[in-house]
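Visitor: could you work out the structure for the sequence below:
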Amino acid sequence: TAILGVPNGELLNRIYAKALMIAAAEEVAAVAEAHGVRMPYDDPGRAVIQVAHRTASNRSSMLQDMERGAPTEIDAINGAVVREGDRLGVATVVNRILWTLVRDRVKLGLGECK
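Guide: Numbering: from 1, shown residues only. Predicted coordinates:
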């Protein structure tokens, strides 16, 4: 949502954004499982879609941070997934791309990273 500047539910209407959202959630679950954490759901893709539906009109905190030029949580969220994935040998390609894209927006003066 921070990259596209849209509310949560709009990701469900964009085929590629939805696919990235699902893939990012699957990577997070894979990193968590490699770390020994059992997720509270069997299908991370279905879970993230349900959250997007429930919060469809919400503007994510990261989007709100970007809009007001405040520090984002990108390093603490996607960055942490990437770092832990690297440490555990779990591929986190999508989270790395999202992390990089938000950081690039920050470099353009469209927000800050914490």
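Visitor: and the helices in the chain, which stretches?
Guide: 15-34, 44-54, 61-68, 78-88, 93-107 (DSSP state H).
Visitor: tell me the contacts of Gly85?
Guide: Gly85 makes contacts with 27, 30-31, 34, 91-92, 95, as judged by C-beta atoms under 8 Å, 6 or more residues apart in numbering. Quick note: C-beta positions are derived from backbone N, CA and C, even for glycine.
Visitor: if you set the cut-off to 7 Å instead, what comes out?
Guide: The contact partners of Gly85, by C-beta atoms under 7 Å, 6 or more residues apart in numbering, come to 27, 31, 91-92.
Visitor: I'd like to know which of those are buried.
Guide: For the contacts of Gly85, a neighbour count by 16 or more other C-beta atoms under 10 Å gives the buried set as 27, 31, 92.
Visitor: dump those into a markdown table; add distance to Arg103 and pLDDT as well.
Guide: As requested, the buried ones among the contacts of Gly85 are exported to a markdown table (distance: C-beta to C-beta, whole Å; pLDDT from 0 to 100):
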| residue | distance to Arg103 | pLDDT |
| --- | --- | --- |
| Glu27 | 17 | 98 |
| Val31 | 19 | 98 |
| Thr92 | 15 | 98 |
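Visitor: out of the residues you listed, which is nearest to Ser61?
Guide: Lowest distance from Ser61 to the buried ones among the contacts of Gly85 (C-beta to C-beta) belongs to Glu27, with 20.3 Å.
Visitor: surely that closest one touches Asn78?
Guide: No: counting by C-beta atoms under 7 Å, Glu27 stays clear of Asn78, with 9.4 Å between them.
Visitor: and for those two, which residues touch both?
Guide: Counting by C-beta under 7 Å, 6+ apart, the contacts common to Glu27 and Asn78 are Asn95.
Visitor: so what sits opposite Thr72 in the bridge?
Guide: Counting by DSSP bridges, Thr72 is bridged to Cys113.
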